[in-house]
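Peer 1: Okay, predicted coordinates and the sequence, questions at the end:
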Amino acid sequence: MTAQNVGVKASNQGTYILYEIDDTVHPEAGSKTSFGIGPAYDNLGNVPDFGLLDVDITSSSANLDYYLSGVESMLRKLTVAGSTLGSLQQRNSLQENFASKLIDNISSAVSKLVDSDMEEVSARMSAPQTQQQLALKGLQIANSQPQAILSLFQ
């Protein structure tokens, strides 16, 4: 089973369900981005050898107890299957939330690293400008009062 163009491939791996990033949709994700859920199995046991459409209570040879027990068994098994599906849906939802938060945290961390690198580069670029401005200011002061500076050396 594979959903098309959603970016995730789900496959049956024995008793596990494996979810993998579809690298044709998300080539930046890498080839080892996957997680599995398992063991997955059905616990339906033996099912009746008839379907609901096969039940015929109008026939004189109809075995009503057989049909009733079969329908009750089907109902029990559907109830168990429904609760199992609900549980799996909840687990998938938790995994989806976890993966989403993980992606957000990784994106935020990468953004912070890029920002800190940019700040460092900016500081390195502005340091020579500041030194040059200080040197010019010192020369301006020296040129404006040459006699006062000479008196310092006497």
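Peer 2: Arrived safely. A quick note: this is a predicted structure, and the numbers were derived from the prediction, not measured.

Peer 1: elements contacting whatever helix or strand A123 lives in?
Peer 2: For A123, the enclosing helix or strand under DSSP states H and E is helix 64-144. Under the contact definition 3 or more C-beta pairs under 8 Å, 6 or more residues apart in numbering; DSSP states H and E, helix 64-144 sits against strand 34-37. C-beta coordinates here come from the backbone N, C-alpha and C atoms, glycine included.

Peer 1: can you do 7 Å?
Peer 2: Under the contact criterion of 3 or more C-beta pairs under 7 Å, 6 or more residues apart in numbering; DSSP states H and E, helix 64-144 touches no helix or strand at all.

Peer 1: residues contacting the residue most central in space within the chain?
Peer 2: For the chain, the residue sitting closest to the mean C-alpha position, by C-alpha atoms, centre = their mean, is A99 at 2.4 Å. Contacts for A99 were tallied using C-beta atoms under 7 Å, 6 or more residues apart in numbering; there are none.

Peer 1: Then L53?
Peer 2: Contact analysis of L53 by C-beta under 7 Å, 6+ apart lists nothing.

Peer 1: What separation is there between it and G14?
Peer 2: 33 Å (C-beta to C-beta, to the nearest Å).

Peer 1: Kindly report the same for S59.
Peer 2: Using C-beta to C-beta, one gets 44 Å for the distance from S59 to G14.

Peer 1: for L113, same thing?
Peer 2: Remark: distance between L113 and G14 (C-beta to C-beta) = 40 Å.

Peer 1: ok, G70 - how many residues close by?
Peer 2: Each residue near G70 was counted by other C-beta atoms under 10 Å, and the total is 19.

Peer 1: Which residue, other than its chain neighbours, is closest to it?
Peer 2: In space, G70 comes closest to P48 once its chain neighbours are excluded; the distance is 3.5 Å by C-beta to C-beta, 6 or more residues apart in numbering.

Peer 1: hang on, the one you found is in a strand, isn't it?
Peer 2: No: assessed by DSSP: H, G, I helix; E, B strand; the rest coil, P48 does not belong to a strand; its assignment is coil.

Peer 1: so who does it touch?
Peer 2: 70, 73-74.

Peer 1: ok, now P39?
Peer 2: With contact taken as C-beta under 7 Å, 6+ apart, P39 is in contact with 15-16.
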